[in-house]
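A.B. asks: Test case, fold it:
(chains A, B, C and D)
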2 protein chains.
Amino acid sequence: MTDRPYHHGNLRRALLDASAQLVGERGPAALSLREVARRAGVSHAAPAHHFTDRRGLLTALAAEGWGLLAARLEDTRAAGAEFAELGVSYVLFATEHPAHFAVMRTPGLLDDADPDLLAARDRANALLYAGAGVPESDRGLAASAGGRGRVLAAWSLVHGLAVLMQEGLVVPGPGEDVAAVARAVTAQLRDA
Amino acid sequence: MTDRPYHHGNLRRALLDASAQLVGERGPAALSLREVARRAGVSHAAPAHHFTDRRGLLTALAAEGWGLLAARLEDTRAAGAEFAELGVSYVLFATEHPAHFAVMRTPGLLDDADPDLLAARDRANALLYAGAGVPESDRGLAASAGGRGRVLAAWSLVHGLAVLMQEGLVVPGPGEDVAAVARAVTAQLRDA
DNA sequence: CGCGCATCTTGTCAGTGTCAACATTCAGAC
DNA sequence: GTCTGAATGTTGACACTGACAAGATGCGCG
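C.D. replies: Residues are numbered from 1 along each chain as shown, chains lettered A, B, ... in the order given. Okay, here's the model as predicted:
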C-alpha cells in the first residue's frame, strides 16, 4: 500500500501526457493502455474510465493534436503572415509535435465519428481555407473547379512534406532548418 | 486431419496475399500473424519460417509495394508520358493498391534496414528523379538548391494528395475520377 | 537408399485489451 | 451533519496475440 491518494486528481491529463511520450518512443501502433497506466502510476483498468477504449485514448490524443495545430495556425495568421507561411507553420507543427501528428494521421486507429475529433479537425481546416482566401461557398468537393484546386494543392504539398519528413524520407540538409525546406518547397506553387 | 498436404507449395505468396487482404480490411496495425495463418490454412507458427516476425511480414509487404510502384512508374515512362503524369501514376497506384501503400508508409512497423525494402524503395525513387530530369549529381540533400527543390515539391504534392485521399480527408467530387483530381493538383506546380 | 535441411505443427509463456465486480471518494440534497 | 448516487480507481478474469522451443514431415541430393 502506497500513500498515494486513491484519486489522482488529474489523471486524464497525466494519461494523455504519458501516451504522447509513449507514442513518441514507439509509435501509435505500439501504444499500450497498460503501459500508459503503469507510467501514470495507476492500475491497468483506470484509463478505461476516461477513454473507454484504446481507440478512445488515441482519438482524444488526435483531437488534442488538431487543436494544437489550429492554435498554431491562428497565431501565424494573427501575426499577419501571408498564406504560404501557414504551410510553413503546418510543417513546423508536425516536426515539433511528432507524436500528436503521427496519431492524427492513423485513421485506422481512431474513431472517425468522434465529435471532439471532428470539431478540432474542422477548426484547423477552416483556418487553412480562410488563409487561402477561399470563400465558404467555394469549398466544395470538385478539386478542379474554383479555389479548391489551389487549396488542395497547397494542403497536399505541406502535408506531403510533413509526412515525408516525419517518416525520415526527407531530412534538412546541412545548414538548413525545417522552415527553410518548407519555404523552398512552398515556393514551387504557382500562386505562392 | 485434413487431406491437405503437409507442404503448402507456395505458402509465402499465399501469406502475402492474405496479409494484403487483411490490411485492406483492418489496416496495417491490426495485422495478426495468427489470422493470416488461419486464412492461409496453416498453423499459427508457419509464417515465422518465411518472415521470422510480424515486422518481417509487413516489411516484405512494403517491399512488394515499392516494387509494384516502380513497375507502374516504369510503364508510364515507357509510354513516353511527361513528368506530371508520373505524379498521376503515383496517386493512381496509391488508390489501386491501398493496402500496399498503407504499409509502405508505416515506418514504425517496418524494418528500415531490410535490404530488399531499401532496394525496392531506391528503385522507385530513382525513377521519380530521373523522370524530373534531375542529374544524379544533383540529388543531394539541400532542398533549396538545384533541382531537388522541384522534385521534392512534386513528390510532396503527389504523396500528400495520395495520403489525404487514402485517409478519406479528400474524395473525388461527383463526375470526377482520381486521375482528374491528380491532374488538377499537379497543374498547380510552377513548372508543371 | 539415406541423410540433411527446409518446411510445417504443436505446445507453451508472457503481455495485452476488455469486461465485470468491487472499493473509495466526492458533491450535492435534505 | 448525514445520506446517497455518481465519479473515480482497483482487482480479477478471459480470450487473443507474438514469440520461442521442440518435434513431425517431406523434399532433394549425395
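A.B. asks: Show me what the helix or strand bottoming out on mean pLDDT in chain A is packed against.
C.D. replies: Across the helices and strands of chain A, mean pLDDT, DSSP states H and E gives its lowest value to helix A:148-166, namely a mean of 87. Helix A:148-166 makes packing contacts with helix A:83-96, helix A:98-104, helix A:115-131, helix A:178-186, helix B:148-166, helix B:178-186 when contacts are defined by 3 or more CB pairs under 8 Å, 6 or more residues apart in numbering or on different chains; DSSP states H and E. C-beta coordinates here come from the backbone N, C-alpha and C atoms, glycine included.
A.B. asks: could you dump those helices to JSON lines with distance to A:Val23 and mean neighbour count?
C.D. replies: Putting the helices and strands packed on helix A:148-166 into JSON lines (distance: least, CB to CB, whole Å; neighbours: other CB atoms under 10 Å in any protein chain shown) gives the following:
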{"stretch": "helix A:83-96", "distance to A:Val23": "14", "mean neighbour count": "22"}
{"stretch": "helix A:98-104", "distance to A:Val23": "4", "mean neighbour count": "23"}
{"stretch": "helix A:115-131", "distance to A:Val23": "16", "mean neighbour count": "17"}
{"stretch": "helix A:178-186", "distance to A:Val23": "20", "mean neighbour count": "22"}
{"stretch": "helix B:148-166", "distance to A:Val23": "19", "mean neighbour count": "24"}
{"stretch": "helix B:178-186", "distance to A:Val23": "30", "mean neighbour count": "22"}
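A.B. asks: Tabulate the ones you listed (CSV), appending distance to A:Gln21.
C.D. replies: Compiled in CSV, these are given as follows (distance: least, CB to CB, whole Å):
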stretch, distance to A:Gln21
helix A:83-96, 15
helix A:98-104, 7
helix A:115-131, 21
helix A:178-186, 22
helix B:148-166, 25
helix B:178-186, 36
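A.B. asks: Relative to DNA strand D, tell me which of the ones you listed wins on proximity.
C.D. replies: Closest to DNA strand D of the helices and strands packed on helix A:148-166 is helix A:115-131 (CB to the nearest atom of the strand; 15.6 Å).
A.B. asks: tell me the mean pLDDT over the helix ranked longest in chain A?
C.D. replies: Counting by DSSP state H, the longest helix found in chain A is helix A:54-78. Average pLDDT, helix A:54-78: 97.
A.B. asks: And stretch A:129-136, by the same measure?
C.D. replies: Mean pLDDT, stretch A:129-136: 70.
A.B. asks: quick check: domain ranges of chain A?
C.D. replies: What automatic domain parsing lists as the domains of chain A is A:1-51, A:53-186.
A.B. asks: now for those domains, which one comes closest to B:Thr52?
C.D. replies: B:Thr52 lies closest, by CB to CB, to one member of these: domain A:1-51, at 18.4 Å.
A.B. asks: does any part of that closest one sit near DNA strand C?
C.D. replies: Yes: contact of domain A:1-51 with DNA strand C (CB under 7 Å from any atom of the strand) involves A:5-7, A:31-35, A:44-45, A:48.
A.B. asks: Identify the residues contacting A:Leu161.
C.D. replies: By CB atoms under 8 Å, 6 or more residues apart in numbering or on different chains, A:Leu161 lies in contact with A:91, A:170, A:181-182, A:185, B:152, B:156, B:160.
A.B. asks: Check what pLDDT A:Ser144 gets.
C.D. replies: 48.
A.B. asks: can you list the residues of chain A near DNA strand C?
C.D. replies: Counting by CB under 7 Å from any atom of the strand, chain A sits next to DNA strand C at A:5-7, A:31-35, A:44-45, A:48, A:52-55.
A.B. asks: ok, 10 Å please
C.D. replies: Within chain A, the positions near DNA strand C by CB under 10 Å from any atom of the strand are A:1, A:4-7, A:9, A:30-38, A:43-49, A:51-58.
A.B. asks: Show only the entries of those residues found in helices.
C.D. replies: A:33-38, A:46-49, A:51, A:54-58.
A.B. asks: Of those residues, which fall within the contact range of DNA strand D?
C.D. replies: Counting by CB under 10 Å from any atom of the strand, the subset of those that neighbours DNA strand D consists of A:34, A:37, A:46-49.
A.B. asks: Tell me the one among those residues nearest to DNA strand C.
C.D. replies: Looking across these and measuring by CB to the nearest atom of the strand, the closest to DNA strand C is A:Arg34, at 4.0 Å.
A.B. asks: The closest residue to the closest one other than its chain neighbours - how many residues pack around it?
C.D. replies: Once flanking residues are discounted, A:Arg34 sits nearest to A:His44: 4.6 Å by CB to CB, 6 or more residues apart in numbering or on different chains. Counted with other CB atoms under 10 Å in any protein chain shown, the neighbours of A:His44 add up to 13.
A.B. asks: A:His44 touches A:Leu33, doesn't it?
C.D. replies: Yes: counting by CB atoms under 8 Å, A:His44 touches A:Leu33, with 7.2 Å between them.
A.B. asks: Pick out the residue of chain A closest to chain B.
C.D. replies: Here chain A gets closest to chain B at one residue, A:Gly160, 2.6 Å apart by CB to the nearest CB.
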